[in-house]
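*Asks:* Kindly return the folded structure for what I paste below:
(one chain, ligands or ions: 1)
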Amino acid sequence: MSTFPFWVAGKPVTSGETVVVRHSFDGSEAGSHHVPSTSDTETAVQAAHDAQEEFATLPAHVRAGALDHVSRVLGERSEELARLITAESGKPLKWARGEVGRAASTFRWAAEEARRFSGDLQRLDTDPGGTGRLALVRRVPKGPVLGITPFNFPLNLVAHKVAPAIAVGAPIVLKPAPATPLTALLLGEILAETDLPAGSWSILPVSNEESAKLVSDPRLPVVSFTGSVPVGWGIRDSVPRKHVALELGGNAAVLVCPDWTDLDFAAQRIATFAMYQAGQSCISVQRVYAHADVYDELQAKVLEQVRALGTGNPRTDGVDVGPLINTDAASRVESWITAAVEAGGELLTGGKRDGATVEPTVLANVPEDASVMADEVFGPVVSITRVDSVEDGVRRINDSRFGLQAGVFTRDLPTAFDVSAKLRVGGVLVGDVPSFRADQMPYGGVKDSGVGREGPASAMADFTEERVTVLTGLTL
Ligand SMILES: NC(=O)c1ccc[n+]([C@@H]2O[C@H](COP(=O)([O-])OP(=O)(O)OC[C@H]3O[C@@H](n4cnc5c(N)ncnc54)[C@H](O)[C@@H]3O)[C@@H](O)[C@H]2O)c1
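*Replies:* Predicted coordinates:
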């Protein structure tokens, strides 16, 4: 098993202290890493601060070239990366392979955006006082970025912090999740092959306490956080004068309208994306509202699909549903299922736990205030509820403190527009489940689910601000 160095100002660093990362399925060793000391962290932050000007003025083609290199090597080393993701996160191999492909695409899109990222030219003589004046509006980095990432996508969510920061020339200090830091540290090897300036990137697998100190460090004025709701909003509240973007959790819902006839397709999508990654995705399908006209047939088909999923060792090809990140998480999910049944919900399949693995579970007609409905399950559990009208479904989806994405199965265009106008979420998928994200589109939530949008173009806008240069005495 490898022992990974951490990265300070683009250089690999080892220390006297190492930590072992274990596989949640069987406790085997996934690898280990060196732990940064306080002085390593200080060196990384100061280097980011000192690198600002050099990085911001580096030609765009150099930044884009570095991003293209990372994208290409991610593709070349995809199997090695996928196996490491599986080892440290328990994610089934097929999903881990998909994640590497997504990360390669994120770096590639960031490279393309870096090439077209530019400013604006405004003539100011539209008012008499502006005669002979021209404004050059450039976007410049707000300053070094602190990126903090969760355990569930150890590579792609790291890519969503690192790639846009490089694209705009903002130094980044990346703090990966304690449960899954190894893939980010392996990405460091690939970043180190580029000729990005020293100080432009560091990867520090530090504790939550050290992470909180980084949050309050004034040399890192931008915080881009993906993770849980309480930690995210706690960070934002603790540093009101910083620019803090939050990509947080949800209890994503699907509405199946009475006109939708392809219930096999809807059931297959619902089953797959309720259970993929054992439900540990911020846009896993958690709540399904099905119109009474289609409810019985849909429920039967979802059950059939869920029962057909392959569960077990995530390292085995063909396994769809593996363990949760640890036994504590699985116990919590199990207790929420029990509470839902005690509150009157019907357990249609699943419900049992073995170590960190929870059986794919389908519940029906659970009261809206049960945790499996109202909170974020982050486990392989989906609840199906009968509704009498599309309006009732929209009302129930909106009656949530979260608002990340939602799905609506309809082929009726006016209904699609009406529902997507009324749903209070960051994104609506028409004809599909909400568990879709592409790098070209803005991605993020409202309400407790966060603030700000990601995707290379959106994050690049978020990491920068406008700076105006007014040229005077010109013939326009
Ligand atoms: N919206 C999105 O794009 C998105 C994507 C994936 C995951 N998530 C959410 O992430 C959550 C699961 O991830 P998790 O359990 O790793 O989340 P978490 O909040 O426990 O941890 C996220 C990161 O924050 C760090 N951290 C924890 N306490 C901190 C503190 N006080 N100060 C600074 N840093 C601190 C952790 O070490 C980790 O790196 C779920 O809620 C999920 O919905 C959201």
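
*Asks:* Figure out the helix or strand that residue 163 lives in.
*Replies:* Here residue 163 sits within helix 156-168, counting by DSSP states H and E.

*Asks:* what's the average pLDDT for that helix?
*Replies:* In this model, helix 156-168 carries a mean pLDDT of 98.

*Asks:* Packing partners of it?
*Replies:* Helices and strands touching helix 156-168, by 3 or more C-beta pairs under 8 Å, 6 or more residues apart in numbering; DSSP states H and E, are helix 60-76, helix 93-116, strand 145-148, strand 172-175, helix 182-191, strand 201-203, strand 222-226, helix 456-462. In short, each C-beta sits where N, CA and C put it, glycine included.

*Asks:* Which other helices and strands does the fourth one contact?
*Replies:* By that I understand strand 172-175. helix 38-56, strand 145-148, helix 156-168, strand 201-203, helix 208-216.

*Asks:* if you set the cut-off to 10 Å instead, what comes out?
*Replies:* strand 6-8, helix 38-56, strand 145-148, helix 156-168, helix 182-191, strand 201-203, helix 208-216, strand 222-226 (3 or more C-beta pairs under 10 Å, 6 or more residues apart in numbering; DSSP states H and E).

*Asks:* repeat for the second one
*Replies:* Taking 3+ C-beta pairs under 10 Å, 6+ apart as contact, the helices and strands that helix 93-116 lies on are helix 60-76, helix 78-89, helix 156-168, helix 182-191, helix 456-462.

*Asks:* follow-up on the earlier one: tell me the most buried of the helices and strands packed on helix 156-168?
*Replies:* strand 201-203 (a mean of 30; mean count of other C-beta atoms under 10 Å).

*Asks:* ok, and does it reach over to the ligand?
*Replies:* No - Strand 201-203 is not in contact with the ligand by C-beta under 6 Å from any ligand atom; minimum separation 11.8 Å.

*Asks:* For residue 276, find the nearest of the helices and strands packed on helix 93-116.
*Replies:* Proximity to residue 276 (C-beta to C-beta) singles out helix 78-89 among those, at 12.8 Å.

*Asks:* Restricting to C-alpha, output the closest one in PDB.
*Replies:* Extracted as PDB, the C-alpha positions of helix 78-89 are listed here (Å, rounded to 0.1, in the frame of the first residue of the first chain):
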ATOM      1  CA  SER A  78      -8.100   6.300 -14.900                       C
ATOM      2  CA  GLU A  79      -8.100   2.600 -13.700                       C
ATOM      3  CA  GLU A  80      -5.500   3.400 -11.000                       C
ATOM      4  CA  LEU A  81      -7.500   6.400  -9.900                       C
ATOM      5  CA  ALA A  82     -10.800   4.500 -10.000                       C
ATOM      6  CA  ARG A  83      -9.400   1.700  -7.800                       C
ATOM      7  CA  LEU A  84      -8.100   4.200  -5.300                       C
ATOM      8  CA  ILE A  85     -11.500   5.900  -5.100                       C
ATOM      9  CA  THR A  86     -13.100   2.500  -4.500                       C
ATOM     10  CA  ALA A  87     -10.600   1.600  -1.900                       C
ATOM     11  CA  GLU A  88     -11.000   4.700   0.200                       C
ATOM     12  CA  SER A  89     -14.700   5.500  -0.300                       C
END
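
*Asks:* Any part of it near the ligand?
*Replies:* No - shown here: helix 78-89 not in contact with the ligand (C-beta under 6 Å from any ligand atom), separated by at least 10.3 Å.

*Asks:* buried set for that helix?
*Replies:* 78, 81, 82, 83, 84, 85, 86, 87, 88, 89 (16 or more other C-beta atoms under 10 Å).

*Asks:* now, among those, which is nearest to residue 219?
*Replies:* residue 88 (29.8 Å).

*Asks:* The closest one reaches residue 24, doesn't it?
*Replies:* Yes - between residue 88 and residue 24 a contact is recorded at 8.7 Å, counting by C-beta atoms under 10 Å.

*Asks:* Now do the shared contacts for these two.
*Replies:* Common contact partners of residue 88 and residue 24 (C-beta atoms under 10 Å, 6 or more residues apart in numbering): 30, 151, 179, 180, 325.

*Asks:* Just put those residues in TSV and tack on neighbour count, secondary structure and pLDDT.
*Replies:* Formatted as TSV, the shared contacts of residue 88 and residue 24 follow (neighbours: other C-beta atoms under 10 Å; DSSP: H, G, I helix; E, B strand; the rest coil; pLDDT from 0 to 100):
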residue	neighbour count	secondary structure	pLDDT
30	23	strand	97
151	22	coil	98
179	19	coil	97
180	29	coil	98
325	23	coil	97
